[in-house]
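J.: I need the structure of the sequence given here:
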Amino acid sequence: MTQTHFGFQTVAEEEKAGKVAQVFHSVAAKYDVMNDLMSAGLHRVWKAFTIAQAGIRPGFKVLDIAGGTGDLARAFAKKAGPSGEVWLTDINESMLREGRNRLLNEGMLLPTLLCDAEKLPFPDNYFDRVSVAFGLRNMTHKDQALAEMRRVLKPGGKLLVLEFSKVAAPLQKPYDIYSFKVLPWLGQKIANDADSYRYLAESIRMHPDQETLKTMMQDAGLERVDYFNLTAGVAALHIGVKL
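T.: This next block holds a predicted model:
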C-alpha cells in the first residue's frame, strides 16, 4: 500500500483526498477568514501580485484550479472581458459552492466545475493561463497535477502557482510558534475546528520548498520557470511557460 503525507501524519495514498476533503468541507464557510488568519491578511496582497503577473488580456481563456471562493477567477474574468472564458474549478464541493454563490451575488456568471487537478477534463492546448493558489500542497500527486496543468496550456501559455513556501531563516522560530500554537487556537475560536487548522499549518511544512517546486515544474515540461518570494518566503509565486 503506497503511503503519503497528510500534514505530519503518514496515511494510505487513497485516503488522503478524503481527509483533505473533510478539512475543506469543515472550513469552507470560514475560508476567507482562515486565509486572513494564516497570512495576517497578506494573501490579498499576494493574490493581487499574482493577478498582475498573469497579464490577462481580453479574450483569454483562463483556468483557475482549487479556486475556492473565487478571488482569482473574479479578477481574471474582469480582465478577460466578455470575449474571454474563465473557469472556476475545485475538487471540493463545499468550496466550489461558496465561490460560485459569491460570484453570483456579485452578478458574475462563470463556468464552474467540480474536478480533480490530477485528471483535468479539458482538451490539450486550450488555456492561455492556468493558476492554482494555495491548492497544490493539498494534492496527492503534485507531479501529475503539474503535468496536467501543462497539458491544457496553449504553447506560449503560463502556469502560475501561488503557495505557502519556506520562510527565511530569521523568521522560522516566530513563524513556527504562530503556526502551531496560535493558528489552531484561532481555528478553534473562529471555526470551532482546531484540527483542520493544525493540518493546514503542517501541510505548509510538508510542501516542497521554492527550489524543489521549481525543479518539479521543469520536470513536468515547463520552461523559463522562476519564482518570486513574497513576504520573506512565507509564500512564493512560481511561474512557468509551455513552449
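
J.: May I have the beta-bridge partners of residue 10?
T.: For residue 10, the beta-bridge partners under DSSP bridges are residue 5.

J.: Hmm, it is touching residue 1, no?
T.: No: taking CB atoms under 8 Å as the contact criterion, residue 10 and residue 1 are not neighbours in contact, 10.9 Å apart. C-betas here are computed from N, CA, C, even on glycine.

J.: Is residue 3 in contact with residue 11, as I believe?
T.: Yes: counting by CB under 8 Å, a contact exists between residue 3 and residue 11, whose distance comes to 6.9 Å.

J.: Low-confidence stretches in the protein?
T.: Counting by pLDDT under 70, the chain shows no low-confidence range.

J.: can you tell me which strand in it is longest?
T.: strand 153-164 (DSSP state E).

J.: With neighbour numbers in mind, choose between residue 3 and residue 11.
T.: For residue 3 versus residue 11, the count of surrounding residues by other CB atoms under 10 Å is larger for residue 11: 16 against 12.

J.: any idea how far residue 74 is from residue 47?
T.: If you measure residue 74 against residue 47 using CB to CB, to the nearest Å, the figure is 10 Å.

J.: correction: residue 233
T.: Shown here: residue 233 relative to residue 47, a distance of 17 Å by CB to CB.

J.: Could you do residue 27 as well?
T.: With CB to CB as the criterion, residue 27 and residue 47 are 18 Å apart.

J.: residue contacts, residue 232?
T.: 167-168, 171 (CB atoms under 8 Å, 6 or more residues apart in numbering).

J.: which of those residues count as buried?
T.: Burial by neighbour count, 16 or more other CB atoms under 10 Å: within these this picks out residue 167.

J.: so of the contacts of residue 232, which ones are in helices?
T.: The helices in this structure, assigned by DSSP state H, contain none of those.

J.: hey, where'd the helices end up in this structure?
T.: Using DSSP H, the helices assigned to the chain run over residues 13-27, 31-39, 43-54, 71-80, 93-105, 142-152, 172-177, 183-191, 194-206, 210-219.

J.: burial measure for the residue lying closest to residue 142 once chain neighbours are set aside, as a count.
T.: Nearest in space to residue 142, with sequence neighbours left out and distances taken as CB to CB, 6 or more residues apart in numbering, is residue 136 at 5.9 Å. Residue 136 is surrounded by 23 other residues when neighbours are defined as other CB under 10 Å.

J.: residues touching the residue lying closest to residue 109 once chain neighbours are set aside, list them.
T.: Setting aside the residues directly before and after it, residue 109 is nearest to residue 103 in space (CB to CB, 6+ apart), at 7.4 Å. By CB under 8 Å, 6+ apart, the contact set of residue 103 is 70, 73-74, 88, 109-110.

J.: One more: residue 203?
T.: Under the criterion of CB under 8 Å, 6+ apart, the contact partners of residue 203 comprise 5-7, 137-138.

J.: how close does residue 14 get to residue 86?
T.: Residue 14 is 32 Å from residue 86, where distance means CB to CB.

J.: of the two, who's got more company?
T.: The residue with the greater number of neighbours, taking residue 14 and residue 86 and applying other CB under 10 Å, is residue 86; the counts read 28 against 11.

J.: Bridge partners for the more buried one, pull those for me.
T.: Beta-bridge partners for residue 86, by DSSP bridges, are residue 62.

J.: Was I right to think it contacts residue 72?
T.: No: taking contact to mean CB under 8 Å, the distance of 9.0 Å between residue 86 and residue 72 leaves them out of contact.
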